[in-house]
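Peer 1: No sequence on hand, only this structure:
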């Protein structure tokens, strides 16, 4: 009898123990697609809910390019006859106004040209007066026609020399009307052809420079444009007037713009075609030569969509979190195009979902399980 009751008691204990374990396991069964969240956790995750909306989704063509300025808005400053640098008040990045002095140069040839001009101008004035006198004498038959013709020839020769010297002096920036024998300048000044910004400089005091050497490069910042490189296979999708957005290298900020011209030739090395675009905001601080990434809006149409922040991506599949009582349920969805931080929905989803904070919701759930 004792053995029987002991065996029965052990069996009963084993049955109760096993039943208790099964109940414990049932209590810890977890619905991995349902997330129970209280108000404190909801605020901590920054959860915002909403419904899919009909928005314009753009198909974009990604390309690269560079900030540039048109030829009439950039300049290279060189000395017409070379010389030695005596004045260089500006440095790279400086803003200058039209007519402002960029560099002062000295050279014996500058002095010689001014002397030659004044001498030739004096001869021209003398010959002009002599010619008028000889014409008067000719009318009274006191001068020969041959003499008048000789003076005319000399006058024409000297006049051509004066005009040539005037042109050279103007290239050097010398005001002809103010040049006199007593104010010959030993220094000439090179001035800014327009108001702009100095992009490069290659001058220093005392440096000898030649006429082929570029001393300054400058550009006018009000005429910036974007030169994009597009492959020929994509040209059929690109048209004048299309919207673009671009960002400079190293930046995450996008700027709007539009296409104004499409090139007609394929670059022999890059095998691309230039697409000329302008920024919508011409006050943006851009610099020529800066590389950019751009997206051309080649097609736009309305579609149901949600913000990118509404999705959880797992192994290439997209999920959203539908609002339910006491929490949120994760469901898979089919998606299409991505544009402007929006994702197209390719199925009907007339339900309230999380539009912000989905990522943090998953993190909260993982933290609860870790504890």
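Peer 2: Alright, I've got the coordinates. Since we're looking at a predicted model, the values are computed, not measured.

Peer 1: Determine the set of other helices and strands touching the strand or helix carrying residue 119.
Peer 2: Assigned by DSSP states H and E, residue 119 falls within helix 108-139. Helix 108-139 sits against helix 145-171, with contacts defined as 3 or more C-beta pairs under 8 Å, 6 or more residues apart in numbering; DSSP states H and E. Yep, even glycine has a C-beta here, placed from its N, CA and C like the rest.

Peer 1: Try it again at 10 Å.
Peer 2: Under the contact definition 3 or more C-beta pairs under 10 Å, 6 or more residues apart in numbering; DSSP states H and E, helix 108-139 sits against strand 83-87, helix 145-171, strand 187-191.

Peer 1: tell me the mean pLDDT over that helix?
Peer 2: Averaging pLDDT along helix 108-139 yields 84.

Peer 1: Just give me how far it sits from the chain centre.
Peer 2: 56 Å (C-alpha atoms, centre = their mean, to the nearest Å).

Peer 1: got the angle between it and helix 145-171?
Peer 2: Comparing the axes of helix 108-139 and helix 145-171 via axes from the mean of the first three to the mean of the last three C-alpha atoms, to 10 degrees yields an angle of 150 degrees.

Peer 1: Of the helices and strands packed on helix 108-139, which is nearest residue 299?
Peer 2: strand 187-191 (50.0 Å; C-beta to C-beta).

Peer 1: Pull out the buried positions in the closest one.
Peer 2: 188-190 (16 or more other C-beta atoms under 10 Å).

Peer 1: With pLDDT and distance to residue 128 as added columns, please give these in JSON lines.
Peer 2: Converted to JSON lines, the buried residues of strand 187-191 look like this (pLDDT from 0 to 100; distance: C-beta to C-beta, whole Å):
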{"residue": "188", "pLDDT": "86", "distance to residue 128": "29"}
{"residue": "189", "pLDDT": "88", "distance to residue 128": "31"}
{"residue": "190", "pLDDT": "89", "distance to residue 128": "33"}
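
Peer 1: got JSON lines for those, with distance to residue 352 too?
Peer 2: Listed next are these as JSON lines, based on distance: C-beta to C-beta, whole Å:
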{"residue": "188", "distance to residue 352": "77"}
{"residue": "189", "distance to residue 352": "73"}
{"residue": "190", "distance to residue 352": "70"}
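
Peer 1: which one of those sits closest to residue 99?
Peer 2: Out of the buried residues of strand 187-191, the member with the shortest distance to residue 99 (by C-beta to C-beta) is residue 189, at 10.0 Å.
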